[in-house]
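Visitor: Dropping the sequence and predicted coords here.
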Amino acid sequence: MAVAELAPEGVEVVMYGGLGDLPHFNPDLDKALDDPDLPAQVRDLRTQVGDADALLISSPEYAHGVPGSLKNALDWLVGGSEMPGKPVALLNASPRSTHAQASLGETLRTMSADVVPGSPFDAPLERVGAAGRPGAEAEGAIHAALAALARAVAGAGGERVE
């Protein structure tokens, strides 16, 4: 995972791996975090997002939009307290992916997330360098996104970025 390898000292990157395990959003199942009827996968998502000082989201674009699995995850977060004020940086891995990034930014702002200035950071990962590492342009964008998140967290009194 290139982002974790490129993270500056003091920044811990944690990958969320449960996107495909989330149930389809259903407002009838959208309960408080401590409610035993909240699906376990949703509890895990909300806990990880709530525990993170910041989020870095990289999303592909499908049919000029955000993939359904990511939108589903965001829908599960709308009613919770995890997103308001949370610093979020968007990382765009494809220069052709502009509609999804705009839509994602709008959704996050509607959720009261703090989308950091400069988002989306364009990191064209199609230009992979030696040993499977991103090229210099992509590495620069990843560094810029992580630095923006670290500044946002520091400005909010936090100490680390996840």
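Guide: On my side now, so go ahead. This structure is a prediction, so every number in the text was calculated from the model and none was measured.

Visitor: Only C-alpha atoms from now on, for both contacts and neighbour counts.
Guide: Will do.

Visitor: Show the backbone phi and psi for Ala147.
Guide: The phi and psi values for Ala147, taken as degrees, to the nearest 10, are phi -70, psi -40.

Visitor: spatially speaking, which residue is in the middle of this structure?
Guide: Centroid-nearest residue in the chain, with Cα atoms, centre = their mean: Ile57, separated by 2.6 Å.

Visitor: what comes up buried for the helix or strand hosting that residue?
Guide: For Ile57, the host element (DSSP states H and E) is strand 55-58. Neighbour counts using 16 or more other Cα atoms under 10 Å place Leu55, Leu56, Ser58 of strand 55-58 among the buried residues.

Visitor: Which residues does it contact?
Guide: Contacts of strand 55-58 with the rest of the structure, by Cα atoms under 8 Å, 6 or more residues apart in numbering, involve 49, 86-93, 145-146, 149, 161-162.

Visitor: redo that, cut-off 7 Å
Guide: Under the contact criterion Cα atoms under 7 Å, 6 or more residues apart in numbering, strand 55-58 has outside partners Pro87, Val88, Ala89, Leu90, Leu91, Asn92, Glu162.

Visitor: of the buried residues of strand 55-58, closest to His64?
Guide: Ser58 (15.0 Å; Cα to Cα).

Visitor: Now do the contacts for Arg46.
Guide: Neighbour list for Arg46: Leu77, Glu82 [criterion: Cα under 7 Å, 6+ apart].

Visitor: Let's see that with 10 Å instead.
Guide: Each residue near Arg46 by Cα atoms under 10 Å, 6 or more residues apart in numbering is listed here: Leu33, Ala40, Ala52, Ala73, Trp76, Leu77, Gly80, Ser81, Glu82, Met83.

Visitor: Could you do Phe121 as well?
Guide: Contact analysis of Phe121 by Cα under 10 Å, 6+ apart lists 58, 89-93, 101, 138, 140-146, 148.
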